[in-house]
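A.B. asks: Below is the structure, and that's it, no one-letter string:
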């Protein structure tokens, strides 16, 4: 018996279209599409129309179908894919693009105001490598403008209301960048310690900055972000005398989340501390051959 | 608040699966959310229920399974589900651990008609 309409024929394709009225008096239309056996009862048009008064048996079959959801063709399929699968795919594509050009890509993440742009400005005068920057902010091109003044190649992405950069946005920005003119490409993410952590943008390494004035507990409060870090930069250390900030405690916390994470302290007024960041990047660059 | 972006990606996947399976409706969406995936389940559910209306998932049920952080110790080979977010083996205290689950978001299954 055809499981769709209760007819005794089973293979040749046909459709039924008819109206049901449920207990509440609501009407709804159905189309059933299925196949019936060869030879007899072939519907030349591929479908036929009938109403319920014609076939009591048919109506019964439908009543049964609607009472029993298992017969209503519901099926469960196992999928098991990462929800951000498409982003991850694009991120791998970006990474391959960086690899082709021998460019090391570093994603810079932190709260707003912890010193990402300032660090980049200062590195311009000191770094032995050439670098470009993909800038992400909700509004304005101010950060890219600041970097242009220092002669750094930078392209600004204005995300509007998006709280993070994703691999697609970075990909678009890369079309505006001259990859041949750089050894390192920084992605300066939107200032936010939450959302950017979930999105791979195609970087090889992540640097997460956290500044002294933000307070003692940021690493514990935002574990997903600090788990992503290859280097934690504790910035504005020149302000340590003015805050109750236990820097050693923060380092312990960072290593509870990621035992092998590198941690550097940065005082932007001290060239030596900027140089340590540059050396870390240069070392990682050399290690990629 | 990147839950909206995540839901958009999820709904796109649902539309694709519905089309591939010639389904008219998706009646149930089951996801697995790792505690360290960076997603707030409550906000994800709210976002899903807000944005599903114009999609194949309209009226569909949303089931979230929260996945604790699960690690395998590389020294004593113990697999542990962690209550505290510390990447350290609770048995032998080694920090040489491999994350098995709890850091990702997965679409697990779909029920469709």
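C.D. replies: Everything's here; your move. Keep in mind that this is a model prediction, so the values were computed, not measured.
A.B. asks: all contacts plus neighbour counts: C-alpha atoms, from now on.
C.D. replies: Noted.
A.B. asks: How about the residues of chain B by chain A?
C.D. replies: Taking Cα under 8 Å from any Cα of the partner chain as the measure of proximity, chain B contacts chain A at B:1-2, B:6, B:9-10, B:13, B:36-38, B:85-88, B:95, B:104-113.
A.B. asks: Report the buried members of these.
C.D. replies: Neighbour counting by 16 or more other Cα atoms under 10 Å in any protein chain shown classes B:2, B:6, B:9-10, B:13, B:36-38, B:86-88, B:95, B:104-113 among the residues of chain B next to chain A as buried.
A.B. asks: Looking at those, which are in helices?
C.D. replies: In helices, defined here by DSSP state H, the members of those are B:6, B:9, B:10, B:13.
A.B. asks: what's the closest non-adjacent residue to the third one?
C.D. replies: The reference is to residue B:10. The shortest distance from residue B:10 to any residue that is not its chain neighbour, by Cα to Cα, 6 or more residues apart in numbering or on different chains, is 5.7 Å, and that residue is residue A:83.
A.B. asks: What separation is there between that neighbour and residue B:18?
C.D. replies: Noted for residue A:83: a distance of 16 Å to residue B:18, by Cα to Cα, to the nearest Å.
A.B. asks: Kindly confirm my reading that residue A:219 is in a helix.
C.D. replies: Yes. With DSSP: H, G, I helix; E, B strand; the rest coil as the criterion, residue A:219 is part of a helix.
A.B. asks: For it, grab the count of nearby residues.
C.D. replies: The burial count assigned to residue A:219 is 23, neighbours taken as other Cα atoms under 10 Å in any protein chain shown.
A.B. asks: For it, give me the pLDDT.
C.D. replies: Residue A:219 carries a pLDDT score of 96 in this model.
A.B. asks: I figured it hits residue A:252, correct?
C.D. replies: No. Residue A:219 is beyond contact range of residue A:252, at 9.8 Å (criterion: Cα atoms under 8 Å).
A.B. asks: list the contacts for the residue of chain B most remote from its centre?
C.D. replies: Largest separation from the mean C-alpha position in chain B: residue B:92, at 29.3 Å (Cα atoms, centre = their mean). Going by Cα atoms under 8 Å, 6 or more residues apart in numbering or on different chains, residue B:92 touches residue B:76.
A.B. asks: Mind checking what secondary structure it has?
C.D. replies: Using three-state DSSP, the three-state assignment for residue B:92 comes out as coil.
A.B. asks: so how far is residue B:70 from it?
C.D. replies: 15 Å.
A.B. asks: Repeat that for residue A:188.
C.D. replies: The gap separating residue A:188 from residue B:70 is 31 Å, by Cα to Cα.
A.B. asks: Looking at those two, which is more packed in?
C.D. replies: When neighbours are counted by other Cα under 10 Å, residue A:188 and residue B:70 differ, and residue A:188 comes out ahead with 25 against 21.
A.B. asks: Would you confirm that that one contacts residue A:115?
C.D. replies: No. Using Cα under 8 Å, residue A:188 is not in contact with residue A:115, being 10.7 Å away.
A.B. asks: Look up the closest residue to residue A:262, ignoring the ones flanking it.
C.D. replies: Closest residue to residue A:262 in three dimensions, ignoring its sequence neighbours and counting by Cα to Cα, 6+ apart: residue A:231, at 4.7 Å.
A.B. asks: So, low pLDDT: which residues of chain B?
C.D. replies: Regions of chain B meeting the criterion pLDDT under 70 are absent.
A.B. asks: ranges for the strands of it?
C.D. replies: For chain B, applying DSSP state E gives strands covering B:26-34, B:61-67, B:69-73, B:79-82, B:97-101, B:105-112.
A.B. asks: Just checking: what are the partner strands of the longest one?
C.D. replies: With DSSP bridges as the criterion, the sheet partners recorded for strand B:26-34 are strand B:61-67 (parallel), strand B:105-112 (antiparallel).
A.B. asks: Repeat that for the fifth one.
C.D. replies: Note on strand B:97-101: by DSSP bridges, its sheet partners are strand B:69-73 (antiparallel).
A.B. asks: tell me which element residue A:155 is part of?
C.D. replies: Residue A:155 belongs to strand A:153-158 when elements are defined using DSSP states H and E.
A.B. asks: could you give the mean pLDDT of that strand?
C.D. replies: When pLDDT is averaged over strand A:153-158, the result is 95.
A.B. asks: Run me through the strand neighbours of that strand, direction for each.
C.D. replies: strand A:131-137 (parallel).
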